[in-house]
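Asker: how would this look folded up:
(one chain, ligands or ions: 2)
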Amino acid sequence: MTKQRELIISILKQSDRHLTADEIFFLAKLKMPSIAMATIYNNLNAMNEAGLIKRLHIDGVADCFDKIVEPHDHLLCDKCGKISDIQLPSLSDTLEEHIGAEIEDYELTVHYVCPECRRAPRRR
Ligand SMILES: [Zn+2]
Ligand SMILES: [Zn+2]
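Answerer: Ligands and ions are numbered 1, 2, ... in the order given. Down below sits the predicted model:
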């Protein structure tokens, strides 16, 4: 594993959030000032292909990367854009029953307003 790749993995592991490529780039630069954005992108793509990390596509939100590759679902706060992990019982059986065919995979994003945003007065 290259030094750059080790750095990216350690950044993802140390974060309890889902990081965008830009955020990973920013954090990587603190440790390795010479690192280039293209290096970050290339490594993220390669690691996603290799199944080491998971790229997350959520409509209206920048793609981010997940260190958890096991199946899990996501909660998205519509106010602050924070993404949290949730473990729901697998819906595969239910989906297959409805569709009448085997499914390969599914992605579920639940939109809500997170507890912090519900508590905080609206900032504007
Ligand atoms: Zn929120
Ligand atoms: Zn996740």
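Asker: From now on I want contacts and neighbour counts done on CA atoms only, so please keep to that.
Answerer: OK.
Asker: where's residue 24 relative to ligand 1, distance?
Answerer: Counting by C-alpha to the ion, to the nearest Å, the gap from residue 24 to ligand 1 is 21 Å.
Asker: element containing that residue?
Answerer: Using DSSP states H and E, residue 24 falls within helix 21-31.
Asker: State the mean pLDDT of that helix.
Answerer: Averaging pLDDT along helix 21-31 yields 97.
Asker: Verify the contact between residue 86 and residue 71 for me.
Answerer: No. Using C-alpha atoms under 8 Å, residue 86 makes no contact with residue 71, being 9.9 Å away.
Asker: can you list the weak-confidence ranges in this protein?
Answerer: Where the chain drops to pLDDT under 70, the residues are 122-124.
Asker: Which residue ranges of it form helices?
Answerer: Assigned helices in the chain, in chain order: 3-14, 21-31, 37-49, 92-99, 115-119 (criterion: DSSP state H).
Asker: Between those helices, which one is closest to residue 81.
Answerer: helix 115-119 (10.2 Å; C-alpha to C-alpha).
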